[in-house]
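Visitor: output the structure for:
(one chain, ligands or ions: 2)
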Amino acid sequence: MANFLIVEARFYDHLNDMLVAGAKAAMEAEGHAVDVLTVPGALEIPGAISLAADSERYDGFVAIGVVIRGETYHFEIVAGESARGIMALTMDGIAIGNGIITVENEEQALERADPSKKDKGGEAAKAALALLDLQARFAR
Ligand SMILES: Nc1c(NC[C@H](O)[C@H](O)[C@H](O)CO)[nH]c(=O)[nH]c1=O
Ligand SMILES: CC(=O)[C@@H](O)COP(=O)(O)O
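Guide: Residues are numbered from 1 along each chain as shown. Ligands and ions are numbered 1, 2, ... in the order given. This is a model prediction of the structure:
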């Protein structure tokens with residue numbers, strides 16, 4: 001059994017509830033323990049994962065969030081920089097699945113958050129599990 005931390009940016013409660021449910025279901029189906037940490041927004045996720053990884057309390061992480069395009073360039077910053085931060089941590093060897101959905105509108109978000117549809121939360125959890133498996137394989 002591994003210990004996972006879901007770090008969620010709770011910007012849209014109803015969407016996050018579905019994404020977190022999908023991620024939890026995927027990890028608990030494999031017998032892993034899951035905690036959830038909430039941060040204000042997607043830009044805070046990489047920093048939170050970095051701090052939690054330094055604590056050595058968790059084997060892997062799932063980033064959960066929803067970024068919906070508004071009127072300004074801020075969408076590109078939030079979407080791009082949260083992804084870049086997560087990728088940098090992953091390249092440092094931290095097992096992270098990225099379940100931050102970056103979409104144009106609520107309809108696209110609902111389709112991707114719903115575990116019975118595109119289940120992007122579950123998909124991100126499975127990616128984190130795959131990276132953890134690789135860590136074990138290459139550690140031998
Ligand atoms: N617009 C969205 C944000 N914006 C907030 C930022 O993520 C960050 O918390 C703020 O800039 C302070 O550092 N975050 C989301 O997760 N989703 C959005 O749609
Ligand atoms: C993704 C965002 O930052 C967005 O929700 C903010 O909207 P706006 O660009 O209209 O300020």
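Visitor: would you pull up the residue in this protein closest to ligand 2?
Guide: Residue of the chain nearest ligand 2, by C-beta to the nearest ligand atom: Gly70 (2.1 Å). For every residue, glycine as well, the C-beta is placed using N, CA and C.
Visitor: count of neighbours near that residue?
Guide: Gly70: 9 surrounding residues under other C-beta atoms under 10 Å.
Visitor: quick one: contacts for whichever residue of the chain sits closest to ligand 1?
Guide: At 2.2 Å from ligand 1, Gly41 is the closest residue in the chain, using C-beta to the nearest ligand atom. Residues in contact with Gly41 (C-beta atoms under 8 Å, 6 or more residues apart in numbering) are 9, 11, 65, 78.
Visitor: distance from the chain centre to the helix or strand where the third one lies, please.
Guide: Gly65 is located in strand 60-68, with elements delineated by DSSP states H and E. Relative to its chain's centre, strand 60-68 lies at 3 Å (C-alpha atoms, centre = their mean, to the nearest Å).
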